[in-house]
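Peer 1: coordinates only, sequence not included:
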């Protein structure tokens, strides 16, 4: 396609590198996203059930978890990236490339997702919890059969928002040698002033975010009665 | 049998401020009874009923159900015991993401799919809402929702059904239908029903016995007829009045309506029946016997627990000494006479 070579001269010369950047971004998103999902869900549930008035009220656990989440949420991600390098080397064996940023991505997004889950679960009508307990449900049954099931739509929305915000973090991670679309855009689009590359990367991200948003909204709506 | 002894439950707003939601309540509810607990909002009745299934754990006191001390049960045993105490709520509390069928199936455990299916269908037929099996709660009316909630509460064949303001969100007609359903279930299944309400109408309609609660304490209890016909405590009187037309007289007097303006020598009084077997023509007899005029301003007679309760507001006109004899006569017939307004002899 000669037209593309004219409109996007710099990109077309670096196509294999571009595809690899896309792949790296997806890889970071998938690995970090999967781990964030598991930990965030667990922490969000713990916050919900241990908070004052919760079904497994436990002040010390709630206070400690609450404070830790606040601590990590207040650290700017770019600082977290560098501060967690030693931990990353220890866990993953490296602090660069995709493997090297999974740890900071998880630390950056888990507190955010935990809060999202907490606020999704908080939308569950207290009366439903009370009704379930009155029918002889144990606290664990209430978590799985009432909290998670009845807040499915808000949890799906929380996942959507977290995937999108994680995408932003992966772009930043590019700056410290993680690869991916962020790195690609900075190295060529910004450093070498190749405007076409900046535009294409932004377009790809916009399309990605739109697809995730649309998919999330559709699933959430399907689960609302 | 539900036996509460010296149950206390406090809520702590802050360190120095405790709210005595339930303050030393003792109460016995027999098997097969329909027992009403009535009180204004904030009286502590919702907390009290939650002490029965331990949704609220009492600070002290004993809660025995069929002889078992609930406060001493281990968590597992408590969950099991709760399956035998159904509960329904003012806001129905159906799970919005589940269909009617799935809601009723929620508490059913350790059963095969087929067993669950037939049990749910049987329950839905019992509350007469079988055709809505696949509907979601958002598609149902309030009365239908409460029927589903009742079916769900009865899923594990409980001995007891706790109703927390179960009809307060329903219109009067639907309230009547739900109360009738509860009455039928009481008869058909021998279910013990505890009804929490702030509506005297509800108690009047289905309860045989009742307790009146105020500020965390039970201030009066007994069979419903006695409470209605002869309330002892001011709060109870207040309650009984809210359901009776006779209380309208106070409004009329306040508005100084022409209906209640007395001529000299007249006397206005409220006559209240406190016996269950009033059937004599009391007004016309007294009018003839004592040769006075008795003008009925308001009358309100209702059937409570199978007996008549109510009275009339009348204006006596005649020589004062004859009026007094008529009042003496009424009192001898166990009719409570309260003088409301006296224009003097």
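Peer 2: The structure has been received and is ready for your questions. Small disclaimer: the values here were computed from a predicted structure and weren't measured. Numbering: from 1, shown residues only, chains lettered A, B, ... in the order given.
Peer 1: secondary structure element for residue A:116?
Peer 2: Secondary structure here is read from DSSP states H and E; on that basis residue A:116 sits in helix A:97-121.
Peer 1: ok now that helix, how far from the chain's centre?
Peer 2: In terms of CA atoms, centre = their mean, to the nearest Å, the gap separating the centre of helix A:97-121 from the centre of its chain is 5 Å.
Peer 1: which helices and strands does the following helix or strand past that helix pack with?
Peer 2: Helices and strands here follow DSSP H and E; after helix A:97-121, the next one along the chain is helix A:126-134. In this structure, helix A:126-134 makes packing contacts with strand B:85-89, judged by 3 or more CB pairs under 8 Å, 6 or more residues apart in numbering or on different chains; DSSP states H and E. Every C-beta, even on glycine, is put in place using the N, C-alpha and C of the backbone.
Peer 1: near chain A at all, the host helix or strand of residue B:122?
Peer 2: Taking DSSP H and E as the definition, one finds residue B:122 inside helix B:113-126. No - between helix B:113-126 and chain A, judged by CB under 8 Å from any CB of the partner chain, nothing touches; the nearest distance is 13.1 Å.
Peer 1: Tell me which other helices or strands that helix touches.
Peer 2: Applying 3+ CB pairs under 8 Å, 6+ apart, one finds that helix B:113-126 makes contact with helix B:100-105, helix B:142-153.
Peer 1: nearest to chain A, of these?
Peer 2: Ranking the helices and strands packed on helix B:113-126 by distance to chain A, with CB to the nearest CB as the measure, places helix B:142-153 first at 7.3 Å.
Peer 1: immediately after the closest one, which helix or strand?
Peer 2: strand B:160-164.
Peer 1: strand partners of that next one, parallel vs antiparallel please.
Peer 2: strand B:85-89 (parallel), strand B:192-197 (parallel) (DSSP bridges).
Peer 1: Turn these into a markdown table, including mean neighbour count.
Peer 2: As requested, these are exported to a markdown table (neighbours: other CB atoms under 10 Å in any protein chain shown):
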| stretch | mean neighbour count |
| --- | --- |
| strand B:85-89 | 26 |
| strand B:192-197 | 25 |
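Peer 1: before we move on, the earlier item: tell me which of the helices and strands packed on helix B:113-126 is the most buried.
Peer 2: Comparing the helices and strands packed on helix B:113-126 on average neighbours per residue, with mean count of other CB atoms under 10 Å in any protein chain shown, the densest one is helix B:142-153 at a mean of 24.
Peer 1: Help me confirm that residue B:31 comes into contact with residue B:189.
Peer 2: No - with contact defined as CB atoms under 8 Å, residue B:31 does not reach residue B:189; the gap is 11.6 Å.
Peer 1: more neighbours, those two?
Peer 2: Residue environment comparison for residue B:31 versus residue B:189 gives the larger neighbour count to residue B:189, 16 against 12, counting by other CB atoms under 10 Å in any protein chain shown.
Peer 1: Could you pull out the strands in chain B for me?
Peer 2: Assigned strands in chain B, in chain order: B:2-14, B:17-29, B:34-38, B:60-65, B:68-69, B:85-89, B:160-164, B:192-197, B:209-214, B:217-223, B:267-273, B:293-304, B:307-317, B:335-342 (criterion: DSSP state E).
Peer 1: Now tabulate those strands in CSV and tack on mean pLDDT.
Peer 2: What follows is the strands of chain B, written out as CSV (pLDDT from 0 to 100):
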stretch, mean pLDDT
strand B:2-14, 90
strand B:17-29, 90
strand B:34-38, 95
strand B:60-65, 96
strand B:68-69, 96
strand B:85-89, 96
strand B:160-164, 96
strand B:192-197, 96
strand B:209-214, 94
strand B:217-223, 92
strand B:267-273, 87
strand B:293-304, 83
strand B:307-317, 83
strand B:335-342, 87
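Peer 1: Strands of chain A, start to end?
Peer 2: Counting by DSSP E, chain A contains no strands.
Peer 1: can you list the weak-confidence ranges in it?
Peer 2: In the predicted model, chain A carries pLDDT under 70 at residues A:1-2.
Peer 1: Name the residues of it found near chain B, please.
Peer 2: Counting by CB under 8 Å from any CB, the residues of chain A lying close to chain B are A:125, A:127-128, A:130-138, A:145-146, A:149-150, A:152, A:223-225.
Peer 1: Which PyMOL command selects the buried ones in the residues you listed?
Peer 2: What follows is the PyMOL syntax selecting those of these that are buried according to 16 or more other CB atoms under 10 Å in any protein chain shown:
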select buried, chain A and resi 128+130+131+132+133+134+135+136+137+138+145+146+149+150+152+223
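Peer 1: so how many other residues sit close to residue 71?
Peer 2: No chain was given, so I picked chain A. 10.
Peer 1: looking at chain B here, not the other one
Peer 2: If you count neighbours by other CB under 10 Å, residue B:71 ends up with 15.
Peer 1: try residue B:250
Peer 2: The tally of other residues near residue B:250 (other CB under 10 Å) stands at 12.
Peer 1: cool, and residue A:176?
Peer 2: Residues lying near residue A:176 (other CB under 10 Å) number 16.
Peer 1: likewise residue A:64?
Peer 2: Tallying neighbours of residue A:64 according to other CB under 10 Å, which is how burial is gauged here, yields 12.
Peer 1: mind checking how far the longest helix anywhere in chain A is from the chain centre?
Peer 2: Secondary structure of chain A read by DSSP state H shows that its longest helix is helix A:15-50. On the basis of CA atoms, centre = their mean, helix A:15-50 is displaced by 5 Å from the centre of the chain it belongs to.
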